[in-house]
Each structure stands twice: as structure tokens, then as C-alpha cells.
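Trainee: Sequence and predicted model, in that order:
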Amino acid sequence: EDQVTQSPEALRLQEGESSSLNCSYTVSGLRGLFWYRQDPGKGPEFLFTLYSAGEEKEKERLKATLTKKESFLHITAPKPEDSATYLCAVQASGGQNFVFGPGTRLSVLP
Amino acid sequence: GAVVSQHPSWVICKSGTSVKIECRSLDFQATTMFWYRQFPKQSLMLMATSNEGSKATYEQGVEKDKFLINHASLTLSTLTVTSAHPEDSSFYICSARRGQSYEQYFGPGTRLTVT
């Protein structure tokens, strides 16, 4: 069965304090791994797609990396507006549905 | 690009009535649309997948006679919650996939409260 876990469950950072979020997955053939940001009461906002081990994507203060078993979302010098829940999802080969992780709630304090 | 809208953004209805939620892809054609349900502080739970012109595929445990999904065009899918009960109160979110890409683009969600 395809599974996705995320750690930590919640993370509090001071503004400017860099850190990383983890997404670990077991899937029968990875078609893609996806990162989303979700603000309270809103739908998830697409951030990145990673397809193969070794791939990296960057957007502003965020950088996503992928290995064969996990993905990291690195946040460099975060700002309070980066506070949100970050969701990781995988899509297995042969399927069209996402399997979502439980998310990491990030709070960045000024 | 890749904007998805939902309407209404919130709705309150009485127990026993039906509610329809619309999901539209505004600037692309959506070959596949998905409906999710999300409880407070929990992740998204897939309810069903719909392809334009085909019957929706429901996840195990989701009552297809209660949650009616229609994907009538490449830009519109609707979810109708029939005979709603308080336990159906939740945050419903749709997503759409553009062409053959794998990314899903999400709508802003609809908060349903059944009294």
C-alpha cells in the first residue's frame, strides 16, 4: 500500500532561521512527488513537482529535493508569511490519484 | 495560469436538504477532476475522481448515492450532497488536472455546515 509520512508534525521557527521539512514515502513506482502549501481555510497551492531521485526545484526561499525514499523542503531565511501547512503528495505509476501526507504546520515568528 | 474556482465558498443548509458545489477550471481544460474532503487539522481525503463525460470513480467508503458527481464539460464538475446531515459538515475541495500533466490545481474550497 502506498504511504506518505511527514515530519515534523509542527515546526516553529524564528524569522531568518532556516530549516527543512521531511516527506518519506513508500510507493510502487513513483510517477511524481508534489509539494503544496495550504493556508487556513483555503485550498492547497501548488509549489513543486519532482519526478526522479536527484532532482531539485527552487522557488524564492523554498528548495525541494528528492531521493528514492524521501523528499525535503528546505526553507531558507523564512519570513512570517511563509507560515502555512506544507503538504506532500505522491502519485504512483499506473494510478492517477494522489496519496497525501498529513502535512507539516510551519509557524514563523517575527 | 491553472486557476480553479469553487462556488459557493461557504454554505449553510438544513438537515435533509441537498447542496450543489461547482468546480470550474478557468483558464484550462481539465481532463480529470478530483473531489476531496478535509476535516480540521487533517490532510485531504480523496472522495472521487471524475473524467469528463464518464461516471465518477468513488473511493472506498464514499456513498455514491449521497455524493453525486457530474463532470459535464472540460471546465466544470459539480458535487451534490444529497439529504445532507450534520456529519456531512466539512471543507470540500476540488482539484483539476490539466491535459496530460500530473499536477493537480486546487480550488479555494467550500465550507459546508449542515444544521
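Mentor: All right, it came through fine.
Trainee: Tell me the residues of chain B that contact chain A?
Mentor: B:2, B:4, B:6, B:32, B:34, B:42-44, B:46, B:49, B:91, B:93, B:95, B:97, B:102-109, B:111 (CB under 8 Å from any CB of the partner chain). For glycine as for every other residue, the C-beta is placed from the backbone atoms N, C-alpha and C.
Trainee: Give me the buried subset of those.
Mentor: Listed as buried from the residues of chain B next to chain A are B:2, B:4, B:6, B:32, B:34, B:43-44, B:46, B:49, B:91, B:93, B:95, B:97, B:103-109; burial here means 16 or more other CB atoms under 10 Å in any protein chain shown.
Trainee: related to what we said a few turns ago, among the residues of chain B next to chain A, name the ones in strands.
Mentor: Judged by DSSP state E, strands contain the following of those: B:4, B:6, B:32, B:34, B:44, B:46, B:49, B:91, B:93, B:95, B:97, B:104-106, B:111.
Trainee: Going by distance to A:Ser24, which of the residues you listed wins?
Mentor: The closest of these to A:Ser24 turns out to be B:Leu44 (CB to CB; 18.1 Å).
Trainee: Leaving aside the residues adjacent along the chain, what's closest to the closest one?
Mentor: Closest residue to B:Leu44 apart from its sequence neighbours, by CB to CB, 6 or more residues apart in numbering or on different chains: B:Tyr36 at 4.2 Å.
Trainee: Provide a list of residues in contact with that neighbour.
Mentor: B:Leu44, B:Met45, B:Leu46, B:Met47, B:Tyr92, B:Ile93, B:Cys94, B:Ser95 (CB atoms under 8 Å, 6 or more residues apart in numbering or on different chains).
Trainee: For those residues, give me a markdown table that also has pLDDT.
Mentor: Below are the contacts of B:Tyr36 laid out as a markdown table (pLDDT from 0 to 100):
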| residue | pLDDT |
| --- | --- |
| B:Leu44 | 93 |
| B:Met45 | 93 |
| B:Leu46 | 94 |
| B:Met47 | 96 |
| B:Tyr92 | 98 |
| B:Ile93 | 98 |
| B:Cys94 | 97 |
| B:Ser95 | 97 |
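Trainee: correct me, but A:Phe100 touches A:Thr5?
Mentor: No: using CB atoms under 8 Å, A:Phe100 makes no contact with A:Thr5, being 10.8 Å away.
Trainee: Looking at the two, which has the bigger crowd around it?
Mentor: A count of neighbours by other CB atoms under 10 Å in any protein chain shown puts A:Phe100 above the other of A:Phe100 and A:Thr5, at 22 against 13.
Trainee: The residue nearest the centre of chain B and chain A, how far apart?
Mentor: Taking CA atoms, centre = their mean, the centroid of chain B lies closest to B:Trp35, which sits 3.6 Å from it. Separation of B:Trp35 from chain A (CB to the nearest CB, to the nearest Å): 11 Å.
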